[in-house]
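Visitor: task: produce atomic coordinates for the following.
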Amino acid sequence: MKTAYIMRKEIRESVLTSKGFLWYILTSVILSVLSYLFLTNSELSLLDQGQMLYMIMNFVTALGILIGVVSGSDAIAGEIERGTLEALLLSPASKTEIAAGKLAAALMNWCIIFVISIPYLFVVGKGGQNLLSGIVYLAVLGTLLAVIFSAFSMGLSARIKSMKNSLIVSFLIFLLAGSPIFLSAALRTTWFGRVLDLVNPFADAINTFDSVVVDSQGFSYQTGRIAIICGYAFLSLLFLKRSVSRLEM
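Guide: Numbers count the residues shown, from 1 in each chain. Got it, this is the predicted structure:
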């Protein structure tokens, strides 16, 4: 009940605000532009539906992670800088319950972004044989990645106690995690690219999307990458719990 109360409070303060709606409007605009280009541009329209769906899924995932990084960096450090942390720690809720409520509110942003993306996924991937599978994988892996980056950024903000600094560090890690999107196919086949793909949860997710949507491979091909992503989710939650436990008034 205490976790639910904190979650509702955080949703009112971060999701149901002009800043939150700005994220959703921006998502709709960008997805509309991308979908329009995919369907009307003479060169992009030559891509098969699997490739177009895969690219849209990558963008939605990256945007969900970015929002998680921003909200996570503000979750604890923002309370410290606004001088509201003491009141929060004096509430009947434990530190773990406070962290859980804030994390749940941060994940709400991802859920809204995912729901917004569904019509665009259907428009771009209409007629594709792996559309529904792609949406399921996006829902599951996107949620896990949102947990990883939101929890890590939140734990980092609790340790650094500066929203600006925690946001900078989290954003740099986000850029490093997203680097596989910008690597050429040749570079990704090198030892560096393979190692980065193996240890990077975001790379594991987009490789899974590629395997499912483009190559039509089954679940047995995805278990290793999914296990790595789940491991990162567990470690990020553990990092958040330990970081928050050190908070003092």
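
Visitor: mind listing the strands for this protein?
Guide: Counting by DSSP state E, the chain forms no strands at all.

Visitor: now the residue most central in space within the chain: how far from residue 149?
Guide: The centroid of the chain falls nearest to residue 65 when counting by CA atoms, centre = their mean (2.6 Å). Going from residue 65 to residue 149 by CB to CB, to the nearest Å gives 5 Å. For glycine as for every other residue, the C-beta is placed from the backbone atoms N, C-alpha and C.

Visitor: can you pull the residues that touch both of those two?
Guide: With contacts taken as CB atoms under 8 Å, 6 or more residues apart in numbering, residue 65 and residue 149 have 174, 177 as neighbours in common.

Visitor: mind listing the helices for this structure?
Guide: Taking DSSP state H as the test, the helices found in the chain are 2-10, 18-40, 49-75, 77-82, 85-89, 95-125, 131-160, 163-182, 185-188, 191-199, 201-209, 223-245.

Visitor: distance to residue 215 for these - can I get that in CSV?
Guide: Formatted as CSV, the helices of the chain follow (distance: least, CB to CB, whole Å):
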stretch, distance to residue 215
helix 2-10, 38
helix 18-40, 20
helix 49-75, 8
helix 77-82, 42
helix 85-89, 47
helix 95-125, 15
helix 131-160, 12
helix 163-182, 17
helix 185-188, 14
helix 191-199, 15
helix 201-209, 10
helix 223-245, 13
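
Visitor: weakest of those helices in terms of mean pLDDT?
Guide: When these are compared on mean pLDDT, helix 185-188 scores lowest, with a mean of 56.

Visitor: hmm, back to that, my read is that the residue nearest to the centre of the chain contacts residue 147, right?
Guide: No: in this structure, residue 65 is not within contact of residue 147 by CB atoms under 8 Å, at 10.4 Å.

Visitor: shouldn't residue 57 be in contact with residue 121?
Guide: Yes: at 7.3 Å, residue 57 and residue 121 qualify as touching, with contact defined as CB under 8 Å.

Visitor: and residue 34, how far from residue 71?
Guide: Distance from residue 34 to residue 71, by CB to CB: 24 Å.

Visitor: neighbour count winner among those two?
Guide: Using other CB atoms under 10 Å, the more surrounded residue of residue 34 and residue 71 is residue 71, with 29 against 18.

Visitor: quick one: which of the helices of the chain is nearest residue 217?
Guide: Closest approach to residue 217 among the helices of the chain (CB to CB): helix 201-209, 9.2 Å.

Visitor: now do the closest one: distance to the chain's middle.
Guide: How far helix 201-209 lies from its chain's middle: 12 Å, per CA atoms, centre = their mean, to the nearest Å.

Visitor: contact partners for the residue nearest to the centre of the chain?
Guide: Residue 65 neighbours (CB under 8 Å, 6+ apart): 145, 146, 149, 174, 177, 178, 202.
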